[in-house]
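A.B. asks: build the 3D model from these lines:
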Amino acid sequence: MSDAVREITEAQFQSEVLDSAKPVVVDFWAPWCGPCRMVAPELEKLADKVGTDVAFVKVNVDEARDVAIKYGIMSIPTIAKFEGGTLVNQVVGARGADALGREFGLV
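C.D. replies: Model (predicted):
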């Protein structure tokens, strides 16, 4: 994983995502999920392209069950965009960097 995408814990979700002053793209994933492994490098490409105006984090749903339940994460990978502590958009399933950028209005 590059420095552009950081893995965070359930305990860090409030400070890193909900309290963030900038938009945050969250990759809800699990190590056993094949499509999640396909999304990871694409998310890194997008993070490198977008730069520091947007934060990119990964949340392991097996270790952060309460967060996954709170946001209705039923299938993974789910990639979600939060702004001002609010979930504003999400997509389910593997996507390339360009498609994710378009979905979230980042490119």
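A.B. asks: how about residue 101, nearest residue that isn't a chain neighbour?
C.D. replies: In space, and not counting its chain neighbours, residue 101 is closest to residue 107: 3.4 Å by CB to CB, 6 or more residues apart in numbering. In this view, the C-beta of every residue, glycine as well, is placed from N, C-alpha and C.
A.B. asks: need phi/psi at residue 24.
C.D. replies: phi -130, psi 130 (degrees, to the nearest 10).
A.B. asks: my guess is it contacts residue 79, does it?
C.D. replies: No: the pair residue 24 / residue 79 is not scored as a contact, 11.2 Å apart, by CB atoms under 8 Å.
A.B. asks: tell me how far the spatially most central residue of the chain lies from residue 11.
C.D. replies: A centroid search over the chain (CA atoms, centre = their mean) returns residue 26, at 1.7 Å, as the residue closest to the centre. Applying CB to CB, to the nearest Å, the value for residue 26 to residue 11 is 15 Å.
A.B. asks: re the thing from before, higher neighbour count, residue 24 and residue 79?
C.D. replies: Using other CB atoms under 10 Å as the criterion, residue 24 and residue 79 rank with residue 79 on top: 27 against 21.
A.B. asks: partner residues bridging that one?
C.D. replies: Note on residue 79: beta-bridge partners by DSSP bridges are residue 27, residue 91.
A.B. asks: for it, give me its contacts.
C.D. replies: Contact analysis of residue 79 by CB atoms under 8 Å, 6 or more residues apart in numbering lists 25, 26, 27, 28, 39, 43, 90, 91, 95, 100, 103, 104.
A.B. asks: which of those residues sits closest to residue 70?
C.D. replies: Checking the contacts of residue 79 against residue 70 by CB to CB gives residue 28 as the nearest, at 11.2 Å.
A.B. asks: tell me how many other residues crowd the closest residue in space to the closest one that isn't next to it in sequence.
C.D. replies: Closest residue to residue 28 apart from its sequence neighbours, by CB to CB, 6+ apart: residue 78 at 4.4 Å. Using other CB under 10 Å, residue 78 has 22 neighbouring residues.
A.B. asks: just the one 4 residues further on next, same as before
C.D. replies: Taking other CB under 10 Å as the criterion, the count of residues near residue 82 is 23.
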